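Engineer: no sequence on hand, only this structure:
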């Protein structure tokens, strides 16, 4: 960029110089990092400078026998113009990554612990409808106490909020119970392998019921998901149809939960933690009468006494732990949605399933054939590819 500078145009530079050196010399030299020094006193005429960047005062020096003051003008670097703010942005980005890492680590750890205790409870106390109800009841109680003691700020919601939340809660209740029924019949690892096929349900429902279209890469990513789940199911040593169908129904229900949630909660200013708390409370109201109708208090009481006699007092801790950790891992997952993109969340969910599958196989000594492990790996890989292509 070309522009003209007169001697008078540098009056501000001269004033700065005079204030620093107390007007000891009228000679002022303005140097640029890319131009030779110009003696403006000897050249009072209009001086044309062709510069590509604006000038700024870099430093004021004195040199020579007469200690003539020199104002050094350098080109202003645009990419270094805000070093303090740039450093702050770097620190902020690093802090954000650390925060996301903590969210993921906590989410995965809580989910692993929940699945371990949930499977222990279901092995000793095969009443999935009751254990599902206890999980929701525990989470609801925890959040009510948090709001009452002001540990967490209570949401400002109205009847319209509960109205839009109702279909979400229905789908959440079905998905929660179906997954618990599945884990009561088959290995935890098998349930999660089948549940990794949820993206296939999502695409199919969105395509045929909502009329949405997707890029070809999304449809191609469904092939390894469906193929991997099918291979894992066929080669599962302890295959159970109720367990398999429970996982499939859970996939379908959670797809509708996500669809209803996206449509009904647009513009709602409720945090992820409070949103899940309200969802748990409404799901609890929906599930309780069905749980009583399916099993009944008499069967619960008989099963409870049998479990206590076989396991001992620690069985009570198992029930409490699976209920507490169920709420905590879901709460953290919803809180993480406030901080990360859907793509990051989807990748994190895929990695979560891997951690649950591996840990459950190790802890419960689940027998796994190589072909079964291959099917699981293909399905999980397909889920990862789907997340890359969809978002």
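Structural biologist: It's in. Just so it is clear, the structure is predicted and the values come from calculations on it, not from any experiment.

Engineer: which intervals of the protein have sub-threshold pLDDT?
Structural biologist: Along the chain, the model assigns pLDDT under 70 to residues 1-90, 264-268, 341-343, 391.

Engineer: quick one, helices of it?
Structural biologist: Here the chain has its helices, by DSSP state H, at 11-21, 83-124, 128-148, 159-185, 188-195, 198-208, 216-234, 241-264, 272-294, 297-311, 314-337, 342-364, 370-390.

Engineer: return the most buried member of those.
Structural biologist: Among these, ranked by average contacts under mean count of other CB atoms under 10 Å, first place goes to helix 188-195 (a mean of 26). C-beta: built from backbone N, CA, C; applies to glycine.

Engineer: can you list the residues that contact stretch 293-312?
Structural biologist: For stretch 293-312, the surrounding residues in contact (CB atoms under 8 Å, 6 or more residues apart in numbering) are 124, 125, 126, 127, 129, 130, 315, 316, 318.

Engineer: widest-spaced pair of those?
Structural biologist: 129 and 316 (19.2 Å; CB to CB).

Engineer: hmm, residue 321 is touching residue 117, no?
Structural biologist: Yes. In this structure, residue 321 is within contact of residue 117 by CB atoms under 8 Å, at 4.4 Å.

Engineer: could you work out the end-to-end span of stretch 183-193 for me?
Structural biologist: Stretch 183-193 has an end-to-end distance of 12 Å (criterion: CA to CA, to the nearest Å).

Engineer: adding distance to residue 249, write the contacts of stretch 293-312 out as CSV.
Structural biologist: Formatted as CSV, the contacts of stretch 293-312 follow (distance: CB to CB, whole Å):
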residue, distance to residue 249
124, 24
125, 22
126, 18
127, 18
129, 14
130, 19
315, 28
316, 30
318, 25
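
Engineer: and the residues you listed, which is closest to residue 148?
Structural biologist: Of the contacts of stretch 293-312, the one sitting nearest to residue 148 (CB to CB) turns out to be residue 316, at 25.1 Å.

Engineer: for that closest one, what are its contacts?
Structural biologist: With CB under 8 Å, 6+ apart, residue 316 has these contacts: residue 308.

Engineer: got it, and residue 131?
Structural biologist: Per CB under 8 Å, 6+ apart, neighbours of residue 131: 118, 121, 122, 125, 180, 319, 322, 323.

Engineer: and the residue lying closest to the fifth one once chain neighbours are set aside, how close does it get to residue 164?
Structural biologist: The spatially closest residue to residue 180, leaving aside those adjacent along the chain, is residue 128, at 4.1 Å (CB to CB, 6 or more residues apart in numbering). Residue 128 sits 28 Å away from residue 164 when distances are taken as CB to CB, to the nearest Å.

Engineer: try residue 282
Structural biologist: On the measure of CB to CB, residue 282 and residue 164 end up 11 Å apart.

Engineer: and what of residue 133?
Structural biologist: On the measure of CB to CB, residue 133 and residue 164 end up 24 Å apart.

Engineer: with residue 210 instead?
Structural biologist: 18 Å.

Engineer: kindly report the same for residue 204.
Structural biologist: Distance from residue 204 to residue 164, by CB to CB: 25 Å.

Engineer: on that earlier part again, contact partners for the residue nearest to residue 180?
Structural biologist: Taking CB under 8 Å, 6+ apart as the test, what residue 128 contacts is 122, 177, 180, 181, 183, 184.

Engineer: how about a cut-off of 7 Å?
Structural biologist: Residue 128 sits next to 122, 177, 180, 181, 184 when contact means CB atoms under 7 Å, 6 or more residues apart in numbering.
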